[in-house]
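Colleague: Have a look; sequence and predicted model below, questions after that.
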Amino acid sequence: MTGRVTAVIAMRPDVAAAALPARLRARLDSVADVDHDLVVTDFADPGARAALACADVLLTGWGCPLLDGPTLDAAPHLRAVIHAAGSLKHHLGADFWTRGLVASSAADANAYPVAQFTVSALLLAGKRTFRVANAYARGDFRDLSTSQAFGNADRTVGVIGASRIGRLVLGMLAGHGFHLLLADPTLTPAEAAGLGAELVGLDDLFSGSDMVSVHAPSLPETRHLIDDRCLGLLRDGAILVNTARGSLVDTEALTRHCASGRIDAVLDVTDPEPLPTGHPLFSLPNVLVTPHLAGAMGTEVSRLGEFAVAEVERLARGLPLVGAVSAEDLARIA
């Protein structure tokens with residue numbers, strides 16, 4: 001495909017406004033015919049159906065409905081879905097992958113803020129910031145500067161999964177003097193060493209780490225990958241940070257281990273998500289639970305739009321897509 005394309009925006013209107021500010025809409029207009037007043041949230045809507053009939057490209061994002069068989073039938077000229085967000089798993093139905101269509105995700109652009117958040121959480125948790133802040137609020141103010149339970153020097157961080165985010169986290173941690181362990185069955189020891197880490201099995205990672213950061217994909221075989229047995233391997237005072245997917249961790253087992261005070265946790269994702277009001281994890285002084293905010297937010301969302309618009313530009317010029325995703329990739333991505 002070369003020359004101009006016809007594009008349709010399918011995402012929540014507030015997401016479209018954040019992801020596609022005026023400067024990016026102008027760039028999009030230079031290569032695509034697009035009605036910026038039409039932001040699709042329901043593919044069955046008559047206006048959406050009429051737009052789909054002419055669409056070469058769907059520019060999608062958070063709030064995009066499932067692109068199922070009947071919707072694809074209504075878009076006979078469709079060639080590509082460019083996703084201004086991370087995972088495509090919940091937007092593209094099985095029919096998509098059988099029709100020779102192209103998909104691209106802005107997961108690379110979304111990975112950086114997640115990695116930033118993760119490294120910040122690790123550094124703060126290593127100083128016991130959340131536990132101490134809770135105690136301080138209750139009037140417990142003590143000089144803890146010589147306690148060996150605090151600090152990030154000479155610590156070992158275990159990273160589960162050499163995903164794009166896992167690799168960024170490893171790179172960011174490299175300058176902080178940590179010993180880095182990595183568990184990923186798809187890598188060789190040499191490849192892990194190239195990322196600055198020592199390749200180990202999952203059990204050795206849990207038993208050998210002061211902090212564990214989770215970056216594995218959510219797949220049927222990885223559900224509760226981190227179970228009661230794994231958590232039991234953690235040394236006293238260890239910290240678990242999960243910015244990947246909540247289903248990777250057995251929530252009940254984690255709650256028991258954290259409630260004992262033996263380990264700490266920072267959880268940006270949970271299972272279920274959201275956690276029900278009053279869940280014990282919310283009230284534990286050694287646990288911080290945040291509502292899935294590690295990824296692009298606010299001013300960062302335009303970076304996703306910028307990535308997506310650049311992909312539309314490449315598509316219009318007949319160039320390869322940087323964020324291309326295939327059906328085979330689904331087995332290893334979030």
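Modeller: Noted; the coordinates are in hand. Numbers count the residues shown, from 1 in each chain.

Colleague: neighbours around the nearest residue to residue 3 once chain neighbours are set aside, how many?
Modeller: Leaving aside its sequence neighbours, residue 3 sits nearest to residue 316 (CB to CB, 6 or more residues apart in numbering; 6.5 Å). Where C-beta positions appear, they are placed from N, C-alpha and C, glycine not excepted. When neighbours are defined as other CB atoms under 10 Å, residue 316 has 20 of them.

Colleague: same thing with residue 185?
Modeller: Applying other CB under 10 Å, we find 10 residues neighbouring residue 185.

Colleague: Any idea how far apart the tips of stretch 188-201 sit?
Modeller: Stretch 188-201 has its terminal residues 12 Å apart, counting by CA to CA, to the nearest Å.

Colleague: go on, stretch 182-202?
Modeller: So stretch 182-202: terminal residues 8 Å apart, CA to CA.

Colleague: Give the buried residues for that stretch.
Modeller: Buried residues in stretch 182-202, counted by 16 or more other CB atoms under 10 Å: 182-184, 187, 192, 195-200, 202.

Colleague: residues contacting the residue nearest to residue 313 when sequence neighbours are not counted?
Modeller: Nearest non-adjacent residue to residue 313, counting by CB to CB, 6+ apart: residue 31, 5.2 Å away. Contacts for residue 31 were tallied using CB atoms under 8 Å, 6 or more residues apart in numbering; they are 4-5, 312-313, 316-317.

Colleague: now with 7 Å?
Modeller: Neighbouring residues of residue 31 by CB atoms under 7 Å, 6 or more residues apart in numbering: 4-5, 312-313, 316.

Colleague: Need the buried ones from the residues you listed selected in ChimeraX.
Modeller: In ChimeraX, the members of these classed as buried (16+ other CB under 10 Å) are selected with the following command:
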select :5,312,313,316
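
Colleague: pLDDT of stretch 62-73, averaged?
Modeller: For stretch 62-73, mean pLDDT is 94.

Colleague: Show me which positions of that stretch end up buried.
Modeller: Neighbour counts over stretch 62-73 (16+ other CB under 10 Å) mark 62-65, 67, 71-72 as buried.

Colleague: What of stretch 296-307?
Modeller: Within stretch 296-307, judged by 16+ other CB under 10 Å, the buried ones are 296, 301-307.

Colleague: Kindly provide the distance from the closest residue to residue 96 other than its chain neighbours to residue 13.
Modeller: Sequence neighbours aside, residue 67 is the residue nearest to residue 96 in space, at 5.8 Å (criterion: CB to CB, 6+ apart). Between residue 67 and residue 13 the distance is 18 Å, computed by CB to CB, to the nearest Å.

Colleague: swap in residue 203?
Modeller: Noted for residue 203: a distance of 48 Å to residue 13, by CB to CB.

Colleague: again with residue 230
Modeller: Using CB to CB, residue 230 is found at 42 Å from residue 13.

Colleague: which one of these two has more residues nearby?
Modeller: More crowded of residue 230 and residue 13, by other CB under 10 Å: residue 230, with 22 against 12.

Colleague: which SS class is the more buried one?
Modeller: Counting by DSSP: H, G, I helix; E, B strand; the rest coil, the backbone at residue 230 sits in helix.

Colleague: Show the pLDDT at it.
Modeller: Here the pLDDT value assigned to residue 230 is 98.

Colleague: so what's it up against?
Modeller: Contacts of residue 230 (CB under 7 Å, 6+ apart): 202, 206.

Colleague: sorry, back to before: which of the contacts of residue 31 fall in strands?
Modeller: The strands, defined by DSSP state E, take in residue 5 from these.

Colleague: a markdown table for the contacts of residue 31, including pLDDT?
Modeller: Listed next are the contacts of residue 31 as a markdown table, based on pLDDT from 0 to 100:
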| residue | pLDDT |
| --- | --- |
| 4 | 94 |
| 5 | 97 |
| 312 | 98 |
| 313 | 97 |
| 316 | 96 |
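
Colleague: and which of the contacts of residue 31 is nearest residue 287?
Modeller: Lowest distance from residue 287 to those (CB to CB) belongs to residue 312, with 42.0 Å.

Colleague: Okay, now the unreliable bits of the stretch 51-200 of the chain?
Modeller: Judged against pLDDT under 70, the stretch 51-200 of the chain has no low-scoring part.

Colleague: export the longest helix anywhere in the chain as CSV, just CAs?
Modeller: Using DSSP state H, we find that the single longest helix of the chain is helix 107-126. Taking C-alpha atoms only, helix 107-126 is exported to CSV below (Å, rounded to 0.1, in the frame of the first residue of the first chain):
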residue,chain,number,x,y,z
ALA,A,107,3.7,-1.5,23.1
ASP,A,108,7.2,-0.2,22.7
ALA,A,109,6.1,3.4,23.5
ASN,A,110,4.0,2.1,26.4
ALA,A,111,6.9,0.0,27.8
TYR,A,112,9.0,3.0,28.9
PRO,A,113,6.7,4.5,31.5
VAL,A,114,6.0,1.0,32.9
ALA,A,115,9.7,0.4,33.3
GLN,A,116,10.2,3.8,34.9
PHE,A,117,7.4,3.1,37.4
THR,A,118,8.8,-0.3,38.1
VAL,A,119,12.3,0.9,38.8
SER,A,120,10.9,3.7,41.0
ALA,A,121,8.9,1.2,42.9
LEU,A,122,11.9,-1.1,43.4
LEU,A,123,14.1,1.8,44.6
LEU,A,124,11.4,3.1,47.0
ALA,A,125,10.5,-0.3,48.3
GLY,A,126,14.2,-1.1,48.9
